[in-house]
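J.: here is the input, now give the coordinates:
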Amino acid sequence: MRSIEMVLVLCGALQLLTLMLRMRKASRAAGLVGAGALAAHLIFEGYRWQMVVPYTLTLAGILIVILRRAQDENGSKVWKPLRYLGYGTGCLLLVASALLASAMPVLRMPEPEGEYAVGTETFHLVDGKREETFTEDPDDKRELMIQIWYPAQQTHPAGNRVSLFPEDRQLFEAYTKVYAAEMNLPAYVFDYWKYFQTNAYERTPIASSGKPFPLVLISHGEGTAGRLLYVSQAENLASHGYIVVGIDHTYSTLATAFPDGRLIGYTGHSGETVEDLFDRAERVGAVWTQDIAYVIRSLEQLNDGAFRGGFLGRIDMNRIGMLGHSFGGATAFRAVNDIPNIRVGINMDGTLYGIRERDGMDKPFLFLESEDFLTWKTKLEQGEITDPTIQKRLSAELATIGRAVDHGGTMIAVKGASHYNFTDLQLFTEMLDLTGMTGPIKGNRGTRLVNAYVLDFFDKHLKGTGNGELLKGPSPQYPEVKFP
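T.: Okay, the predicted model is just below:
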């Protein structure tokens, strides 16, 4: 909960208590303080629906004080059991509201741990040489939105930190409607997301350095919120001296917003057989790999000063890493194989596809898996998976991972983590644990753990500044991490 929200809840509780005990002066004082807290909250923090009960109790408490004074003057009284029932109901609703506000907090991304402040800038790219295969219009060209996070020049840059979601009200509502429809919830439930803040400052000057910064590309999971679910990872890497580029693979996110106001949704399919899913994965993965190659070419132009010269000579195009989650993680494995410019990569809990021609991974690669990975690995080894198609696919994936590990790669799994513990969604609400999307590991702990291993890997293989201590074996600092 935000600070003034906590004051508002406390004032509501005090007002109920003083009214119940008929402490007239104290109840008037609590009402005045509550009214002031409500005004300050609405002005400085902003309304959100989770706080409706404290709002109502504050206003009702003031009204009760006024009515009680009138009752004293004419001698009328409210039946005592009814009065106490009202107080009790108010207390229960206040507690429920406080718990709900705490369970669905206004998110502020965890502070990056590096020495640099973080700047960010968003770009709209159009690949005029490539037809858009997700639409039927032959004149459509492949369009992408990318966001760059980078080490900022100032320790405390001027201006406000960037909101996570678009500040444009119409565009924000379009986002929340898409997510609400996906989760079968009314759109107003996500209205408070408009207050979510990042740690990045828009278009602040890039930090000075004796040499250009290494580059890390991020590829999201299919059908997710795109680059917006990996901001804490991007900001942390940028604060440690990396240029980080998040790619929205258009038509493969729940929502991709373009500067002209268009919001393009997801065009995936469901209800397919396992083989159909993998065949489709190879086709979509080919498009995503082409996206990555095109973004690298565009960054080369940006680095050469072809447009928006703030990044002129600041990106080390000879030190490129790839980070991906879910389908984006599997695509990272493919891209590291297929694109010579990319030196290293990380797959966060992504099921591999198209591995027949990619058995010989000889670049440093990290497989960062969830506890679910350990579960199905054990079931496969114990013969509990009997479907021949699934058995064949999982066996091939494990064999491919094993060969990558034999060539210097690393595979680790995180106990207590589920699929979305590798995204910022774990920070949105702890109630996701009830859905199985995230595991029992706490969001802040999961974020810190993932960021630590990602940074350790890239520091070793892109910067050459570390020995990869966390990658060598179990660490007492992170006992959740297993080396199967």
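J.: ok, now which ones touch residue 239?
T.: For residue 239, the contact set (C-beta atoms under 8 Å, 6 or more residues apart in numbering) comprises 112, 113, 114, 115, 116, 117, 118, 151, 199. For the C-beta atoms, the positions are set from N, CA and C on the backbone; glycine is no exception.
J.: now list the buried members of those residues.
T.: 112, 114, 116, 117, 118, 151, 199 (16 or more other C-beta atoms under 10 Å).
J.: state the distance from residue 394 to residue 221.
T.: 19 Å (C-beta to C-beta, to the nearest Å).
J.: hang on, isn't residue 421 packed against residue 438?
T.: Yes - Residue 421 lies in contact with residue 438 (C-beta atoms under 8 Å); the separation is 5.1 Å.
J.: find residues that contact each of the two.
T.: Counting by C-beta under 8 Å, 6+ apart, the residues touching both residue 421 and residue 438 are residue 446.
J.: between residue 394 and residue 221, which one's more packed in?
T.: Neighbours were counted for residue 394 and for residue 221 using other C-beta atoms under 10 Å; residue 221 has more, 28 against 18.
J.: what's the average pLDDT for stretch 305-320?
T.: The pLDDT scores in stretch 305-320 average 89.
J.: what comes into contact with that stretch?
T.: By C-beta under 8 Å, 6+ apart, stretch 305-320 touches 121, 123, 148, 150, 203, 205-206, 209, 211-217, 243, 296, 299-304, 341-343, 462-463.
J.: what about it, how long is it end to end?
T.: This stretch, stretch 305-320, spans 19 Å end to end (C-alpha to C-alpha, to the nearest Å).
J.: same question, stretch 132-142
T.: OK, stretch 132-142 end separation, C-alpha to C-alpha: 5 Å.
J.: ok, residue 205 touching residue 119?
T.: Yes - counting by C-beta under 8 Å, residue 119 is a contact partner of residue 205 at 7.4 Å.
J.: and residue 344, which of the three is it?
T.: strand (DSSP: H, G, I helix; E, B strand; the rest coil).
J.: what's the overlap in contacts for residue 205 and residue 119?
T.: The contact lists of residue 205 and residue 119 share 152, 153, where a contact means C-beta under 8 Å, 6+ apart.
J.: between those two, which one's more packed in?
T.: residue 119 (24 against 13).
J.: report the contact partners of that one.
T.: 149-153, 157, 200-206, 238.
J.: kindly report the same for residue 53.
T.: Contacts of residue 53 (C-beta under 8 Å, 6+ apart): 12, 93, 94, 96, 97.
J.: in the strand or helix carrying residue 118, which residues are buried?
T.: Using DSSP states H and E, the element containing residue 118 is strand 117-131. For strand 117-131, a neighbour-count test (16+ other C-beta under 10 Å) marks 117, 118, 119, 120, 121, 122, 123, 125, 127 as buried.
J.: now do the helices in the stretch 1-150 of the chain.
T.: Listed in chain order, the helices of the stretch 1-150 of the chain (DSSP state H, counting those that start in this stretch) span 3-20, 24-40, 52-74, 80-103.
J.: in a strand, residue 214, correct?
T.: Yes - secondary structure of residue 214 (three-state DSSP): part of a strand.
J.: what's the pLDDT at it?
T.: 98.
J.: now residue 142
T.: 97.
J.: give the contact list for it.
T.: Residue 142 sits in contact with 126, 127, 130, 131, 132, 250, 287, 290, 291, 294, where contact means C-beta under 8 Å, 6+ apart.
J.: number of residues surrounding residue 187?
T.: 15.
J.: also residue 169?
T.: Neighbours around residue 169, by other C-beta under 10 Å: 9.
J.: skip the chain neighbours and tell me the closest residue to residue 247.
T.: residue 146 (5.3 Å; C-beta to C-beta, 6 or more residues apart in numbering).
J.: residue 321 versus that neighbour, what's the distance?
T.: 16 Å.
J.: now residue 280
T.: 27 Å.
J.: more neighbours: these two, which one.
T.: Neighbours were counted for residue 280 and for residue 321 using other C-beta under 10 Å; residue 321 has more, 27 against 14.
J.: in the helix or strand where that one lies, what counts as buried?
T.: Per DSSP H and E, residue 321 falls inside strand 315-325. Across strand 315-325, burial judged by 16+ other C-beta under 10 Å covers 315, 316, 317, 319, 320, 321, 322, 323, 324, 325.
J.: likewise for stretch 262-276?
T.: 263, 264, 265, 266, 268.
J.: what does that stretch contact?
T.: With C-beta under 8 Å, 6+ apart as the criterion, stretch 262-276 contacts 134, 171, 174-175, 178, 222-223, 250-258, 280, 387, 389-390, 393.
J.: so of the residues you listed, which ones are in helices?
T.: 171, 174, 175, 178, 280, 389, 390, 393 (DSSP state H).
J.: can you name the two of those residues that are farthest apart?
T.: 171 and 389 (42.0 Å; C-beta to C-beta).
J.: so who does residue 420 touch?
T.: 426, 432, 437, 438 are the contacts of residue 420 under C-beta under 8 Å, 6+ apart.
J.: quick one: the third one is in a helix?
T.: No - with three-state DSSP as the criterion, residue 437 is located in coil rather than a helix.
J.: not counting its neighbours along the chain, what's nearest it?
T.: Per C-beta to C-beta, 6+ apart, closest to residue 437 is residue 420, 4.5 Å.
J.: same check, this time on the second one
T.: Distances taken as C-beta to C-beta, 6+ apart put residue 438 closest to residue 432, at 4.4 Å, once the chain neighbours are dropped.
J.: the one you found and residue 414: what is the separation?
T.: Counting by C-beta to C-beta, the gap from residue 438 to residue 414 is 11 Å.
J.: which residues are in contact with both of these two?
T.: 421, 446.
J.: circling back to that earlier point, need the buried ones from the contacts of stretch 305-320 selected in PyMOL.
T.: Per 16+ other C-beta under 10 Å, the buried members of the contacts of stretch 305-320 correspond to this PyMOL selection:
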select buried, resi 121+123+148+150+206+212+213+214+215+216+217+243+296+299+302+303+341+342+343+462+463
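J.: circling back to that earlier point, of residue 171 and residue 389, which one has the most company?
T.: residue 171 (16 against 11).
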